Structures are given as C-alpha cells and as structure tokens.
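1. Output the structure for:
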Amino acid sequence: MYINTVIRIKNAEAAQKTALKIPFSKMDADVLETLKEYGFLKSIEVKGRSYKKVIEIFVNPDRLIQGVKWLSKPSVRRYGTYKDFYRVKNGYGILVVSTPKGVMSGVKARREKVGGQLLFEIW
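-> From the prediction side, this is the model:
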C-alpha cells in the first residue's frame with residue numbers, strides 16, 4: 001500500500017541510501033510516478049515478471065522528504081471536488097489525489113477539473 005511505500009522512502013533517505021526495492025502494485029507505481037514528476041525521486045524502474053515484480057526506487061538527494069500528512073486511511077476515506085484542493089506549504093509541497101483519471105497532484109487535478117480521494121500531503 002502507498003502508505004508503507006512513502007514511509008520506506010523517507011526511512012531510506014534518513015539512512016542515506018540511494019536506492020530501495022519494494023513489491024510491485026499499480027497504486028504504488030502511480031503514486032511514485034507523481035512523486036518523481038515533482039522531484040522527490042530521481043527515477044523508478046519496474047523489474048521482474050508476474051508475481052516476482054518489484055519497483056526499484058532511486059532517491060533524489062537534492063530534495064528530501066521533510067514530512068507527510070495522511071489524509072485518507074483504510075478506515076476513514078476523504079473525498080473532495082477540484083475546488084477543495086489546496087496548495088501545500090505555499091507551493092513547496094504537493095497534495096496527492098486519486099481520481100478517475102489516475103493518481104495525480106492536487107494542482108494537476110484542479111487544472112483538469114476532476115475530484116477524487118485525498119491520499120496525502122508531502123513536503
């Protein structure tokens with residue numbers, strides 16, 4: 001699940017690791033693509049086939065994750081329209097949203113005028 005993935009990345013940065021591997025899931029891959037788009041990750045690679053698939057993540061040492069705020073959990077899910085999406089830390093961070101068009105940042109969802117589930121804020 002994406003919660004575990006983001007925490008693993010944060011822990012790898014704290015331990016000054018340059019790369020890590022996690023089991024593949026489509027949701028994790030979509031969240032990681034969004035983080036890569038905004039410079040939190042250097043690159044990601046999907047390796048393996050079938051049930052042995054893994055995602056190799058390369059951490060960006062120039063932009064470390066300072067904090068994460070979980071907005072939706074498996075027990076409590078939060079949804080919003082595109083008008084509810086806001087800037088995080090005056091534009092320094094991003095809001096990650098799961099929409100019918102895929103996982104994207106709040107800025108991109110607002111531009112495309114599509115709402116969805118608020119996943120987390122990261123800065």
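2. shaky segments in this protein?
-> Along the chain, no part satisfies pLDDT under 70.
3. Which residue, neighbours along the chain excluded, lies closest to residue 102?
-> Spatial nearest neighbour of residue 102, chain neighbours left out: residue 30 (6.0 Å); criterion: CB to CB, 6 or more residues apart in numbering. (Glycine included, C-beta is placed from N, CA and C.)
4. Quickly find the element holding the one you found.
-> Secondary structure from DSSP states H and E places residue 30 in helix 26-37.
5. Which elements pack onto that helix?
-> helix 2-14, strand 41-47, strand 54-59, strand 94-99, strand 102-105 (3 or more CB pairs under 8 Å, 6 or more residues apart in numbering; DSSP states H and E).
6. Mind listing what's buried along the last one?
-> Which is strand 102-105. 103-105 (16 or more other CB atoms under 10 Å).
7. Leaving out chain neighbours, which residue sits closest to the residue positioned nearest the centre of the chain?
-> For the chain, the residue nearest the mean C-alpha position is residue 31 (3.7 Å; CA atoms, centre = their mean). Nearest residue to residue 31 in three dimensions, chain neighbours excluded: residue 2, at 4.5 Å (CB to CB, 6+ apart).
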